[in-house]
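Colleague: Here's my sequence, what's the structure:
(chains A and B)
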Amino acid sequence: MKTKIMTLCVNGRDHRFEAPVNRTLLQALRDDLKLTETKYGCGTGECGGCTVLMDGKESICSCLTLAVEAEGRHITTVGGMTRDGELHPIQIAFIEEGAIQCGYCTPGMIMKTASILANNPHPSEDEIREGLEGNICRCTGYEKIVLAVQRASQMLDNSQIQKSGGMGQ
Amino acid sequence: MSSRVLPQFDLLTPQSIPEAVAMLSQHQGQVSVLAGGTDMLLWNYIRKVKPTYLLRLSGLDELDYLNYIPGEGLIIGAKVKIVQLLEHPDVAEKFPALYQAASTFATPQIRNMATVMGNVLRGSPAGDCSCAILALGGQVVLQGPQGERLVGIDDFWVAYGVTERKNDELAVELRIPEPTSTTRSAFIRMTRVHEDLAKINVAVCLEMKQNTCQRARIAMGCVGPILVRLKQTEKLLEGQQITGELLEQLAASAQEEIAPIDDQRSTEEYRRQVAGVILRRVIEKAVGTH
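Modeller: Now for the predicted structure:
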């Protein structure tokens, strides 16, 4: 089997490793880099469990991306959302709304939410529901997940105002 | 190790179109071309293709362009992703059928990854953008060892999953002709849930003079092994005023003209029933009465 030395930039850090050329990005993250927060669900691009961000705002399925195709791009997993041990507002919003049951879909849902809000900071409920297409939760309905995205949108707004020295909450 | 493993292949990473074509010629029949990967890697997973080489387009940024040229039309480079159609203002304004197909295409992740050309090359009768492109007309530009050749979209799909592209040719560009100020187009599909593949889809491109349709192209998907034009139904529509009565006739004609099958997504009977309904709706949508 042909192998290749690859460099992947994940959550702001470069990782260099050797792997077979048919390695998917998901396998590279989980098996080579031991970053197991990104989940394997269907392996065919339908469930969204493996969703990661490319270059900060583009959601993609890491199961249908070859690892070599991700070289030179900035990959963000849910592990990269946390800063200095502090949860990201999107993560807090999911916890506060109780938008989690078994939690398997949650890493993908968080990354999808990050993508939705990066492209549209104030989505309507319809836009949120359309945006969440491609991420399947098999435990529950999507009510609390939608509420969590709405709460995250508000929380990010407030933190922006604080950062810019504005009115605060 | 995750449970699905890709077959073993080697990678080819050309840095220019001529180099890519030379590689396709040298390893004829052993190469699959990888752009977005959403179909190609899936086909590798299920061993529908078992290429010795996967030729990546990652080094060919010259295939990443989406341009509207007034007087000529839309040109779509082979690396253009579905999401780019949604971001280009001229696509929404001048090629509504293609815009509508792109906006309901699969899921956000897949729209960020999959290419428009890949959808055409897949040769599936359920391809949403392919359906819109068949209605809008246009050409596929193929680059081979002997140079460039153009294939009209009407002739491009020859059987399920099989296209006119030869093993030594690289599909480099799609061209969709300029609409006139009286061209109207629209796309509709039916699915069980939104992110499913279509159980049936339809696109129309109509040349209108007031309420009279002068020329029509009707493309329907999931009603045969490849996407089809409904040419008999087009003839019934051409030269006619669009009335409720005519729409009923067109619906009946469409039902007769198609050859759907039973499969996991729908049944022959249901597809035949709704073919007439969605044709009526898509015409109403195109001319703005729906």
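Colleague: Please make it C-alpha for all contacts and neighbour counts, starting now.
Modeller: Noted.
Colleague: Can you list the residue ranges for strands in chain A?
Modeller: In chain A, the strands defined using DSSP state E lie at A:3-10, A:13-20, A:51-54, A:58-61, A:74-76.
Colleague: how about those, which one is nearest chain B?
Modeller: strand A:58-61 (4.5 Å; C-alpha to the nearest C-alpha).
Colleague: The closest one and chain B, any residue contact?
Modeller: Yes - counting by C-alpha under 8 Å from any C-alpha of the partner chain, chain B has neighbours in strand A:58-61: A:Glu58, A:Ser59, A:Ile60, A:Cys61.
Colleague: centroid residue for chain A?
Modeller: Chain A has A:Met111 as the residue nearest its centroid, 2.0 Å off, counting by C-alpha atoms, centre = their mean.
Colleague: Would you mind finding the longest helix in the chain?
Modeller: As the question left the chain open, I've gone with chain A. Using DSSP state H, we find that the single longest helix of chain A is helix A:143-163.
Colleague: think we crossed wires, I meant chain B
Modeller: When chain B is parsed with DSSP H, its longest helix is helix B:268-287.
Colleague: B:Met117: what's its closest spatial neighbour, skipping adjacent residues?
Modeller: If you skip the residues right next to it in sequence, B:Met117 has B:Ala78 as its closest partner in space, 5.3 Å away by C-alpha to C-alpha, 6 or more residues apart in numbering or on different chains.
Colleague: remind me which residues of chain A are low pLDDT?
Modeller: A:161-169 (pLDDT under 70).
Colleague: how about the residues of it near chain B?
Modeller: Residues of chain A lying near chain B (C-alpha under 8 Å from any C-alpha): A:1-2, A:21-23, A:27, A:31, A:40, A:43-45, A:48, A:51, A:58-61, A:64-65, A:69, A:131, A:133-134.
Colleague: Try it again at 7 Å.
Modeller: For chain A, the contact set with chain B under C-alpha under 7 Å from any C-alpha of the partner chain comprises A:1-2, A:21-22, A:27, A:31, A:43-44, A:58-61, A:64-65, A:131, A:133-134.
Colleague: residue ranges of the helices in chain A, please?
Modeller: A:25-27, A:89-96, A:106-119, A:125-131, A:143-163.
Colleague: of all these, which gets the most neighbours per residue?
Modeller: helix A:25-27 (a mean of 27; mean count of other C-alpha atoms under 10 Å in any protein chain shown).
Colleague: Now do it: everything it contacts.
Modeller: A:Cys50, A:Ser62, A:Cys63, A:Thr65, A:Leu66, A:Ala67, B:Ser2 (C-alpha atoms under 7 Å, 6 or more residues apart in numbering or on different chains).
Colleague: Please produce a PyMOL select command covering the buried subset of those residues.
Modeller: One line in PyMOL is enough to select the buried ones among the contacts of helix A:25-27; burial here means 16 or more other C-alpha atoms under 10 Å in any protein chain shown:
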select buried, chain A and resi 50+62+63+65+66+67
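Colleague: near chain A, which residues of the stretch 51-200 of chain B?
Modeller: Going by C-alpha under 7 Å from any C-alpha, the residues of the stretch 51-200 of chain B near chain A are B:Thr107, B:Pro108, B:Gln109, B:Ile110, B:Asn112, B:Met113, B:Glu195.
Colleague: show me where the stretch 101-250 of chain B has helices.
Modeller: Counting by DSSP state H, counting those that start in this stretch, residue ranges of the helices within the stretch 101-250 of chain B are B:108-113, B:116-122, B:128-136, B:153-156, B:231-237, B:244-257.
Colleague: Figure out which of those helices is closest to B:Val21.
Modeller: helix B:116-122 (16.5 Å; C-alpha to C-alpha).
Colleague: for that closest one, packing partners?
Modeller: Contacts defined by 3 or more C-alpha pairs under 7 Å, 6 or more residues apart in numbering or on different chains; DSSP states H and E place helix B:116-122 against helix B:128-136.
Colleague: packing partners for the helix it packs on?
Modeller: If contacts are counted by 3+ C-alpha pairs under 7 Å, 6+ apart, helix B:128-136 sits against helix B:96-103, helix B:116-122, strand B:200-209, strand B:212-221.
Colleague: Go again with 10 Å.
Modeller: Here helix B:128-136 touches helix B:96-103, helix B:116-122, helix B:153-156, strand B:170-177, strand B:183-190, strand B:200-209, strand B:212-221, strand B:228-229, going by 3 or more C-alpha pairs under 10 Å, 6 or more residues apart in numbering or on different chains; DSSP states H and E.
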